[in-house]
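Trainee: got a predicted model here, sequence first, then my questions.
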Amino acid sequence: MSPVELVSVISFIGSGIIMFTLPIAQLQIHFWVVLVVGFLGDTITTGYLGKFDLEEQNRGYTRWACGSEPTLTCAAGTRVILLGAILLPYLSVVRYGFLQEYYPVYLTALLTPIVIGLMAAGATLANTYGIWNANRRSPS
């Protein structure tokens, strides 16, 4: 199982546990903080992969937009676009009530920052481990 698949599985399982154990509607601001911090960490670690002769994963929007060794600016740009793409539907449902009467739509909107935040935190950890491992193997 690749690191991307592992992070995805763990984030979905973690989201399910969170959904059934925590009041997700009341903790939304905290989940958004985790998402933004995870995006910042993922942006920084992705931007520094090239400095350690590491490449971005073979699939995904960052590889498509920035190439195999993305710069910090390009990695940040892709995260800003993704954040906007997440925030617009979220606000339309949660803040302005569009389709909020349908519970699956409302629940999906509430779970979005949890799932993406856990994935961003996992990507940060995977990148950090890759950088640490490459730094450890390189001769000093």
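Mentor: Received, thanks.
Trainee: give the residue spans of this structure that score low on pLDDT.
Mentor: Flagging of the chain using pLDDT under 70 yields the residue ranges 139-140.
Trainee: the most centrally placed residue in it is in what secondary structure piece?
Mentor: Within the chain, the residue whose C-alpha comes closest to the C-alpha centroid is residue 120; the distance, by Cα atoms, centre = their mean, is 2.5 Å. Residue 120 is part of helix 103-137, with elements assigned from DSSP states H and E.
Trainee: which helices and strands does that helix pack with?
Mentor: When contacts are defined as 3 or more Cβ pairs under 8 Å, 6 or more residues apart in numbering; DSSP states H and E, helix 103-137 packs onto helix 3-21, helix 28-47, helix 72-90. Where you see a C-beta, it was placed from the backbone N, CA and C, and this is true even at glycine.
Trainee: my guess is the residue nearest to the centre of the chain meets residue 39, correct?
Mentor: Yes. The pair residue 120 and residue 39 passes the contact test of Cβ atoms under 8 Å, sitting 5.1 Å apart.
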